[in-house]
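*Asks:* I would like to see how this sequence folds:
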Amino acid sequence: MKRLLSSAGMLFLAACSPQAEKIYTVDEFMADDALLAKIIVECRNNPGELRDTPNCCNAEAADGKLRLERMRKSLGG
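*Replies:* Numbers count the residues shown, from 1 in each chain. Now for the predicted structure:
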């Protein structure tokens, strides 16, 4: 009986826990400008809470890479 109640409690807690946000890779951000812009805005509007999250770190890295690519193209490289 204890096992049944324990298992039911664990299932209940697992079902009620918040769903984890999908973590995007740098390449996924580089391929989707709208997603990158959305995440960058969210991260820059709340840096104290979101700065060190995986999506913010990956979005900032993707933004940096895209800027470098644009600079290379504009310089003819």
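
*Asks:* show me the residues around the residue positioned nearest the centre of the chain that make contact.
*Replies:* The centre of the chain sits closest to residue 55, judged by Cα atoms, centre = their mean, with a distance of 2.2 Å. By Cβ atoms under 8 Å, 6 or more residues apart in numbering, the contact list for residue 55 reads 21, 23-24, 39, 43. Every C-beta, even on glycine, is put in place using the N, C-alpha and C of the backbone.

*Asks:* ok, it to residue 70 distance?
*Replies:* Residue 55 sits at a distance of 22 Å from residue 70 (criterion: Cβ to Cβ, to the nearest Å).

*Asks:* now do residue 47
*Replies:* 24 Å.

*Asks:* now residue 43
*Replies:* Distance from residue 43 to residue 70, counting by Cβ to Cβ: 20 Å.

*Asks:* Between those two, point out the one with more neighbours.
*Replies:* Each of residue 43 and residue 70 has its neighbours counted (other Cβ atoms under 10 Å); residue 43 has more, 20 against 10.

*Asks:* show me the contacts for that one.
*Replies:* Taking Cβ under 8 Å, 6+ apart, one finds 50-51, 53, 55-56, 59-60 in contact with residue 43.

*Asks:* who wins for most neighbours among these?
*Replies:* Highest neighbour count within the contacts of residue 43, by other Cβ under 10 Å: residue 59, with 27 neighbours.

*Asks:* Pull the contacting residues for that residue.
*Replies:* Residue 59 touches 24, 29, 36, 39-40, 43, counting by Cβ under 8 Å, 6+ apart.

*Asks:* circling back to that earlier point, now that we have the contacts of residue 55, which of them are buried?
*Replies:* 24, 39, 43 (16 or more other Cβ atoms under 10 Å).

*Asks:* any weak-confidence spans in this structure?
*Replies:* Where the chain drops to pLDDT under 70, the residues are 1-19, 77.

*Asks:* any chance you could map the helices in it?
*Replies:* 2-16, 26-31, 33-45, 47-50, 54-74 (DSSP state H).

*Asks:* Pull the residues that contact the second one.
*Replies:* Helix 26-31 has contacts (Cβ under 8 Å, 6+ apart) with 35-36, 39, 58-59, 61-63, 65-66.

*Asks:* Now, of these, which are buried?
*Replies:* Counted by 16+ other Cβ under 10 Å, these give 35-36, 39, 58-59, 62-63 as buried.
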